[in-house]
Structures are given as C-alpha cells and as structure tokens.
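Q: Got a predicted structure plus its sequence, pasted below:
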Amino acid sequence: MLKFTEDHEWLRLDGDIATVGITTHASIQLGDLVFVELPDVGASFSKGDDVAVVESVKAASEIYAPLDGEITAVNPAIADDPSVVNNDPMDAGWFFKMKLKDASAADALMDEDAYKALVG
C-alpha cells in the first residue's frame, strides 16, 4: 500500500514496516540533490519530527517522520550518490525504513489520487 503526506513524503507499507522517501514532485521542486543526511538505525521518531536532511543546489530541506516509529534501515546509496533520489525518487531513492508504532495510523494519510489533487 502506498500513502503520501502533505510534506511530500511517500510510504510503502509492508505490515508494520514503512519504506519512506520523497515524491517525484518534491524531487523536481528541490532540483539536483548534492547531499543527504540519514538518521541512525534504532532511532525513534514521532510523527512530524525531522528525520533526514537533503540539500540541493536550490535549498536545504528536512524529511519528516510520516508516523511514529523506529528506524530499522537506511539507504546508504543515496548518501553516497544523492542523484539516485532525483533519478528514481519513488523506488531506488528511498531514504529509510521504519517499524511503525501503529500501522493503522497510515490509514489517515493520503492515497495517490488525493496526493495528485494536492500537487495539482
């Protein structure tokens, strides 16, 4: 199941594990990424907390926790080569995986049609 936040993160849910990244829209708005800072595995975050940072030629931006949970994995490929996010933001450019405290909370997030309506 794919869900979206108003902050332009996507979540791909597999049980109580969410793979999280930024949307294609966000990667286009940011422009070419030059730096990605990822969270530590084992760190816990609440919904809305700053989890990661991206820097582009245009600006720096935070990536927020879409829901409450604990980081279980990060994607070192994007730290080594941030352009992976620009080239494939919805797949190979994922940022982190987190074990959700309450997976049912994802039901309150947007589906793809609602997100497309948001970004027009």
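A: Looks like it arrived, so ask away. Quick caveat, the model's predicted, so the values are computed rather than measured. Numbers count the residues shown, from 1 in each chain.
Q: Give me the nearest residue to the residue nearest the centre of the chain, chain neighbours excluded.
A: With distances taken as Cα atoms, centre = their mean, residue 21 lies nearest the centre of the chain, 2.6 Å away. Distances taken as Cβ to Cβ, 6 or more residues apart in numbering put residue 94 closest to residue 21, at 4.2 Å, once the chain neighbours are dropped. To be clear about C-beta, it is placed using only N, CA and C from the backbone, and glycine gets the same treatment.
Q: Is the residue nearest to the centre of the chain in contact with residue 92, as I believe?
A: No - counting by Cβ atoms under 8 Å, residue 21 does not reach residue 92; the two are 9.2 Å apart.
Q: Now the residue nearest to residue 21: phi and psi?
A: In terms of degrees, to the nearest 10, the main-chain angles of residue 94 are phi -60, psi 150.
Q: From residue 22, how far out is it?
A: 9 Å (Cβ to Cβ, to the nearest Å).
Q: Compare neighbour counts for these two and give me the winner.
A: Each of residue 94 and residue 22 has its neighbours counted (other Cβ atoms under 10 Å); residue 22 has more, 26 against 23.
Q: Next up, the contacts around the nearest residue to residue 111 once chain neighbours are set aside.
A: Leaving aside its sequence neighbours, residue 111 sits nearest to residue 3 (Cβ to Cβ, 6+ apart; 6.7 Å). Contact partners of residue 3, counting by Cβ atoms under 8 Å, 6 or more residues apart in numbering, are 10-11, 13, 66, 106, 109-111.
Q: can you tell me the helix or strand for the closest residue in space to residue 37 that isn't next to it in sequence?
A: Among residues not flanking residue 37 along the chain, residue 53 sits closest, at 4.2 Å (Cβ to Cβ, 6+ apart). Assessed by DSSP states H and E, residue 53 sits inside strand 50-56.
Q: Buried residues, that strand. List them.
A: Across strand 50-56, burial judged by 16 or more other Cβ atoms under 10 Å covers 51-52, 54, 56.
Q: Tell me the one among these nearest to residue 71.
A: residue 51 (7.5 Å; Cβ to Cβ).
Q: could you measure the closest one against residue 112, distance?
A: Applying Cβ to Cβ, the value for residue 51 to residue 112 is 22 Å.
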